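Student: Pasting a predicted model and its sequence here:
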Amino acid sequence: MNHKPQTTPKLAVNAVVFNEGKEVLLAKRTDNGLWCIPGGHVDLGETLVQACLRELKEETGLTGEVIRLVGIYSDPKNSLHIAQGPEWHTIRTSFLCKIIGGTITPSEETSEIQYFDVHQLPQLITDHAQRVRDAYSDYPAAVIG
């Protein structure tokens, strides 16, 4: 895959979801085989919340509702999650969400969807483990990093 260098960062969102047992919902990506928090890039005309809930539905089959902002993550060294090269810089916004409907259904981007104990996470993409920890900590303010 050949990409042109970006002149501005891209915006992406993630939905951090915990079940009643405080396990976190993760999706296994089909492009690199790594587990991740469900999410993706924001489309033109979407708010961050709309993009987050759309990506959650597309990747997992689940309908969600945003509870709060977990954090905004902008460190370029953590942007290379899909191996698009050093010119790829994504500003990532993570939201704590709850599930309000739907059935777990993998998509073309996800081969597996499952809940994991937050203390026994599989290998995750770049800073996703940190975002899970930030959401799990229930820190009262959003993380800016």
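Tutor: Nice, thanks for sending it over.

Student: Torsion angles phi and psi at residue 131?
Tutor: With angles defined as degrees, to the nearest 10, residue 131 sits at phi -70, psi -40.

Student: Then the one 5 residues further on?
Tutor: Dihedral angles of residue 136 (phi, psi; degrees, to the nearest 10) stand at phi -70, psi -30.

Student: Surely it and residue 17 touch.
Tutor: No - with contact defined as CB atoms under 8 Å, residue 136 does not reach residue 17; the gap is 11.4 Å. Bear in mind the C-beta positions are built from the backbone N, C-alpha and C, glycine included.

Student: Settle it for me: which of those two has more neighbours?
Tutor: Between residue 136 and residue 17, residue 17 has the larger neighbour count (other CB atoms under 10 Å), namely 23 against 16.

Student: For residue 73, which residues count as its bridge partners?
Tutor: Under DSSP bridges, the beta-bridge partners of residue 73 are residue 92.

Student: what distance separates the longest helix seen in the chain from the centre of its chain?
Tutor: In the chain, taking DSSP state H as the definition, the longest helix is helix 48-60. Taking the mean of its C-alpha atoms, helix 48-60 sits 9 Å from the chain's own mean (CA atoms, centre = their mean, to the nearest Å).
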